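>>> sequence-free structure coming up:
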């Protein structure tokens, strides 16, 4: 059941085909990504997604690889049912039965359209940058040894917003001459804006006298594109990093869910929770409290500072941090408890410096709280709070399943007892 739910709720499209390539299963993400309803996709071949914009050699290589028993990975430019196109990264591998025979093919597909668009935008931006440099026209100014302007060309006239070339000729040039060096300078324009120019100077003769030729290249657009490229690159790198971290966290949480859900014994779950929390977040103290009406019951905890955490009950809504978590159903972050008036420590919590309170939610309803804290100078961040919240969701499911199991066992015990009583009464009546 858990595996089935994981596949159904996977953020990636999942396809299972028979050995002939006929689709036997697709998950909801496939339907969302391709636009093909599940009923329409079943029995079809994945070639219904072909866009016709990739060479047949790609598909031949894919088929040869998986039929040979190896995994194939690559990118497809596919077509949705509505005719629009999208990019996906696919990982396709054979599925074997216990006898080692291939029975099916499994495909995991990730929508990478946004990433491809970002890469294309970056490529186009770089192309515009190259064209801007290639067709740039330099402004030329000739200055004599007394820094007096002797000549300007039309590009310089445009650069300085001059009505006539002679407006500047005969006047002192206010930009220092530095032969052999490249200098960048901001030049004010009449509209209040600035042009950024790159200045190069070479010594020449002008009308048989020593002079300097100043080449002023307007690099305002260059700088703008350069800044845009940097921002685009930073955004792309940040996007890649976030995606990488999301995948790592997703993989970790799946493994944690598997481990924590490996038992339905409520006594065995807390040690598993605290052990697996080590794989997600650094902490020095962590507790799990379960909601019972208006009361929170601390059922388990781990304190790495040597203090003993005893089970006890306390009012669920008396403390503002608990009230906020249970009411808004979102984690509460306290980066520095010494600067947060909501913080009311107990005797065993006086050394704590940073704190996260995360709700344990089942069907969007709180069943308890996971509290995580540390005593060092490193504060928890918003990202840490989100990670602990994601972990808490896995914990909540495991605890809830164990509670359901206990209630089912109790119900079965009562039914068995009632059955025995019924048999005893029937025997007595006979």
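The structure has been received and is ready for your questions. Note that the coordinates shown come from a computational prediction; the quantities given were computed from them, not determined experimentally. Numbering: from 1, shown residues only.
>>> what does the host helix or strand of residue 327 rub up against?
Counting by DSSP states H and E, the element that carries residue 327 is helix 320-328. Helix 320-328 has contacts (C-beta atoms under 8 Å, 6 or more residues apart in numbering) with 291, 296, 316-317, 331-332, 334, 342-343, 355, 357-359, 366, 369. Every residue, glycine included, has its C-beta placed from N, CA and C.
>>> distance from the chain centre to the next helix-or-strand element following it, please.
Following helix 320-328 in sequence order, the next helix or strand is strand 332-334 (DSSP H and E). A distance of 21 Å separates the centroid of the chain from that of strand 332-334, by C-alpha atoms, centre = their mean, to the nearest Å.
>>> give the other helices and strands that strand 332-334 contacts.
Applying 3 or more C-beta pairs under 8 Å, 6 or more residues apart in numbering; DSSP states H and E, we find strand 332-334 packed against helix 320-328, strand 354-362, helix 382-429.
>>> among these, which comes closest to residue 221?
Of all the helices and strands packed on strand 332-334, helix 382-429 sits nearest to residue 221, with 36.8 Å by C-beta to C-beta.
>>> that closest one packs against which elements?
helix 220-260, helix 269-277, strand 285-292, strand 332-334, strand 354-362, strand 365-374.
>>> turn these into CSV, including mean neighbour count.
Below are those laid out as CSV (neighbours: other C-beta atoms under 10 Å):
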stretch, mean neighbour count
helix 220-260, 14
helix 269-277, 18
strand 285-292, 21
strand 332-334, 21
strand 354-362, 24
strand 365-374, 22
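>>> can you tell me which of these the model trusts least?
Comparing mean pLDDT across the helices and strands packed on helix 382-429, the lowest value falls on helix 220-260: a mean of 76.
>>> what angle sits between it and helix 269-277?
150 degrees (axes from the mean of the first three to the mean of the last three C-alpha atoms, to 10 degrees).
>>> check what pLDDT residue 62 gets.
92.
>>> would you map the strands across the stretch 1-150 of the chain?
13-17, 23-26, 72-79, 85-96, 102-111, 139-144, 149-152 (DSSP state E, counting those that start in this stretch).
>>> out of the ones you listed, nearest to residue 280?
Among the strands of the stretch 1-150 of the chain, strand 102-111 comes nearest to residue 280, with 23.1 Å by C-beta to C-beta.
>>> for that closest one, buried residues please.
Neighbour counts over strand 102-111 (16 or more other C-beta atoms under 10 Å) mark 105-111 as buried.
>>> helices and strands around it, which ones?
Secondary-structure packing of strand 102-111 (3+ C-beta pairs under 8 Å, 6+ apart): strand 13-17, helix 28-34, strand 85-96.
>>> which of these sits closest to residue 212?
It is, among the helices and strands packed on strand 102-111 and with distance given as C-beta to C-beta, strand 85-96, at 54.3 Å.
>>> who touches that closest one?
13, 16, 33, 51, 53, 62, 66-67, 69-80, 102-113, 115-116.
>>> kindly recompute the last result at 7 Å.
51, 62, 66, 69, 71-80, 102-113, 116 (C-beta atoms under 7 Å, 6 or more residues apart in numbering).
>>> partners of it in the sheet?
Partner strands for strand 85-96, per DSSP bridges, with pairing direction: strand 72-79 (antiparallel), strand 102-111 (antiparallel).
>>> contact partners of the shortest one?
Going back to what we said before, that points to strand 72-79. 49-51, 53-54, 58, 62, 65-66, 85-92.
>>> got a PyMOL select line for the buried ones in those residues?
Selection of the buried residues among the contacts of strand 72-79 in PyMOL, burial being defined by 16+ other C-beta under 10 Å:
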select buried, resi 49+50+62+65+66+86+87+88+89+90+92
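>>> rounded mean pLDDT for stretch 100-112, please.
93.
>>> go on, stretch 122-136?
Stretch 122-136 shows an average pLDDT of 57 in the prediction.
>>> likewise stretch 413-420?
83.
>>> which positions within the helix holding residue 327 qualify as buried?
Neighbour-count burial for helix 320-328 [16+ other C-beta under 10 Å]: 321-322, 324-326.
>>> quick check: angle from that helix to strand 285-292?
With the same axes, to 10 degrees applied, the angle from helix 320-328 to strand 285-292 works out at 50 degrees.
>>> and of the buried residues of strand 102-111, the nearest to residue 120?
residue 111 (15.5 Å).
>>> distance check, that closest one against residue 339.
Here the criterion is C-beta to C-beta, to the nearest Å. By it, residue 111 lies 42 Å from residue 339.
>>> same list (the strands of the stretch 1-150 of the chain) but as a markdown table, adding distance to residue 173.
Listed next are the strands of the stretch 1-150 of the chain as a markdown table, based on distance: least, C-beta to C-beta, whole Å:
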| stretch | distance to residue 173 |
| --- | --- |
| strand 13-17 | 65 |
| strand 23-26 | 72 |
| strand 72-79 | 56 |
| strand 85-96 | 54 |
| strand 102-111 | 58 |
| strand 139-144 | 5 |
| strand 149-152 | 5 |
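>>> compare these and give me the one nearest residue 5.
Once the strands of the stretch 1-150 of the chain are compared by C-beta to C-beta, strand 13-17 is nearest, at 12.4 Å.
>>> which outside residues touch the closest one?
Residues contacting strand 13-17 (C-beta under 7 Å, 6+ apart): 7, 23-27, 29-30, 33, 46, 104-109.
>>> of all the residues you listed, which two lie farthest apart?
The widest separation within those (C-beta to C-beta) is 20.4 Å, between 33 and 104.
>>> picking that back up, would you turn the helices and strands packed on helix 382-429 into a markdown table with distance to residue 393?
Shown next, in a markdown table, are the helices and strands packed on helix 382-429 (distance: least, C-beta to C-beta, whole Å):
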| stretch | distance to residue 393 |
| --- | --- |
| helix 220-260 | 8 |
| helix 269-277 | 12 |
| strand 285-292 | 13 |
| strand 332-334 | 16 |
| strand 354-362 | 6 |
| strand 365-374 | 10 |
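>>> fine by me, we can end here.
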